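Asker: give me the fold of what follows.
(one chain, ligands or ions: 1)
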Amino acid sequence: MNGHKPLVILGAGGHAKVLLALVQSVGFEVLGVCDPALADQGIEEWRGISVLGGDNALEALDPRSIELVNGLGQLVGGTGRRSIFQRLKQQGFRFPVLVHPTAWVDQSAILHEGVQIMAGAVIQADVVIGANSIINTRAGIDHDCRLGEDVHVAPGATLCGGVQVEGRAFIGSGATVIQGLKVGMEAVVGAGATLSRNLEARHVLLGPSGRKKEAPKED
Ligand SMILES: CC(C)(COP(=O)(O)OP(=O)(O)OC[C@H]1O[C@@H](n2cnc3c(N)ncnc32)[C@H](O)[C@@H]1OP(=O)(O)O)[C@@H](O)C(=O)NCCC(=O)NCCS
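Answerer: I've put the predicted structure just below:
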């Protein structure tokens, strides 16, 4: 992945710090981070890189000379990650595809702009992943899956072969989607759940309840 333009990371939260480690591990040059909260506090350095300012710091940068890393995470129902991606793309900025060196991506897979493949993830043959999607740590996307834009497959989740996931859907940590099923637009497969039938748009499937037993009484 060498030969890319210098990168600017957007946001300085948990997802951003994992991405910083990813881009440093593959030798990208990182110009700095834009984060309004750090800038408001007058903090000039974050994890060894410069704090360039809030989002307005991008106004001083030429979209042709840098590329952006969307460091905003994607929790259920959140819109910030998607809106910053769309707004900055309209302004001419580009978001490279990022693949952690410990991930496996089959050469036939198609990853659209800004897709982020985190450590230990596996992307098998003929998979297509839409723009701005996250395939998080140790997630597995098996052959022929089709994912729309702004999808988040959380850590350790598994999509068996030929699964279709529509835009903005969220597959929770450790969830499994059985082969050939469809997850509708903005639908949520809860952490730990196994999806065995199609899930309609905006529906939520909870996982196993995992209720706590009462602790034994002390003598
Ligand atoms: C499915 C999910 C979105 C539901 O969130 P929510 O609507 O806010 O639900 P709540 O937290 O209000 O919980 C409602 C009830 O469902 C239960 N519940 C929530 N998520 C559950 C899950 N994944 N499996 C089983 N039960 C779950 C709660 O214990 C609660 O039960 P109670 O009413 O008996 O107390 C969420 O719990 C989830 O699984 N998110 C994915 C988290 C994840 O993967 N994060 C990765 C970040 S990188």
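Asker: what residues does this protein have near the ligand?
Answerer: For the chain, the residues in contact with the ligand (Cβ under 6 Å from any ligand atom) are 76, 136, 154-155, 172-173, 188, 190-192, 204, 206-210. Placement of C-beta: from N, CA and C, glycine included.
Asker: return the item of these having minimum pLDDT.
Answerer: By pLDDT, G210 ranks lowest within those, coming in at 72.
Asker: which residues are in contact with the residue nearest to L22 when sequence neighbours are not counted?
Answerer: With Cβ to Cβ, 6 or more residues apart in numbering as the criterion, L22 has its nearest non-adjacent residue at 5.0 Å, and that residue is H100. Applying Cβ atoms under 8 Å, 6 or more residues apart in numbering, we find H100 in contact with 22, 25-26, 117-121.
Asker: so D126 touches H143, yeah?
Answerer: Yes. At 5.8 Å, D126 counts as touching H143 under the criterion of Cβ atoms under 8 Å.
Asker: give me the pLDDT for the residue nearest the centre of the chain.
Answerer: By Cα atoms, centre = their mean, the chain has its centre lying nearest to I134, at 2.3 Å. Model confidence at I134, given as pLDDT, is 98.
Asker: and it, bridged to which residues?
Answerer: Q116, H152 (DSSP bridges).
Asker: start the count at 222 instead of 1 going forward.
Answerer: Let's use 222 as the start, then, which means that last one is I355.
Asker: tell me the domain boundaries of this protein?
Answerer: 228-311, 318-425 (automatic domain parsing).
Asker: taking the ones you listed together, which one is wrapped up most tightly?
Answerer: Stretch with highest mean neighbour count among the domains of the chain: domain 318-425 (a mean of 20; mean count of other Cβ atoms under 10 Å).
Asker: show me the helices in this structure, by range?
Answerer: Ranges of helices within the chain are 235-246, 257-261, 301-311, based on DSSP state H.
Asker: tabulate the ones you listed (a markdown table), appending distance to R418 and mean pLDDT.
Answerer: Listed next are the helices of the chain as a markdown table, based on distance: least, Cβ to Cβ, whole Å; pLDDT from 0 to 100:
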| stretch | distance to R418 | mean pLDDT |
| --- | --- | --- |
| helix 235-246 | 31 | 98 |
| helix 257-261 | 42 | 96 |
| helix 301-311 | 27 | 97 |
